[in-house]
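> okay, sequence plus prediction incoming.
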Amino acid sequence: MAKSLNIRQFFKTLFPTEDSCLKHIMEVRFGLIHDCGACGVVSAKFHKIIGRRAYACAQCGDHLYPCAGTNIRG
């Protein structure tokens, strides 16, 4: 018989770290390939900024905040 999980345990198994959750939000909101709002380059190269809930465009360095406007708080 499978062990039942409460909602908190369920999400902890899906997203064991904050970075894994942020990566999922980034992919759901923007897709795996999207264009940079600053330079317009269509790319899959956005790098996680260490210590922040943000990604940076590999081309121009502009920051993208996947949680902006989602009511997700730290």
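That came through fine. Numbering: from 1, shown residues only.
> can you find the helix or strand of the protein with the lowest average pLDDT?
The weakest-scoring helix or strand in the chain, judged by mean pLDDT, DSSP states H and E, is strand 42-43 (a mean of 84).
> report all helices and strands that that strand contacts.
Packed against strand 42-43, as judged by 3 or more C-beta pairs under 8 Å, 6 or more residues apart in numbering; DSSP states H and E, are the following elements: strand 34-35. Where C-beta positions appear, they are placed from N, C-alpha and C, glycine not excepted.
> listing partners with orientation, what would you give for the strand it packs on?
Under the criterion DSSP bridges, strand 34-35 sits next to strand 42-43 (antiparallel) in its sheet.
> where does the prediction get shaky in the chain?
Where the chain drops to pLDDT under 70, the residues are 1-2, 72-74.
> what packs against the longest helix that it contains?
Longest helix in the chain by number of residues (criterion: DSSP state H): helix 18-30. Contact partners of helix 18-30 among helices and strands, from 3+ C-beta pairs under 8 Å, 6+ apart: strand 46-48.
> report the separation between residue 26 and residue 67.
9 Å (C-beta to C-beta, to the nearest Å).
> neighbour-wise, which of the two wins?
Neighbours per residue, other C-beta atoms under 10 Å: of residue 26 and residue 67, the larger number sits with residue 26, 21 against 16.
> list the contacts of the more buried one.
46, 55, 64, 66 (C-beta atoms under 8 Å, 6 or more residues apart in numbering).
> will you turn those into JSON lines that also has neighbour count?
Compiled in JSON lines, those are given as follows (neighbours: other C-beta atoms under 10 Å):
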{"residue": "46", "neighbour count": "22"}
{"residue": "55", "neighbour count": "20"}
{"residue": "64", "neighbour count": "18"}
{"residue": "66", "neighbour count": "21"}
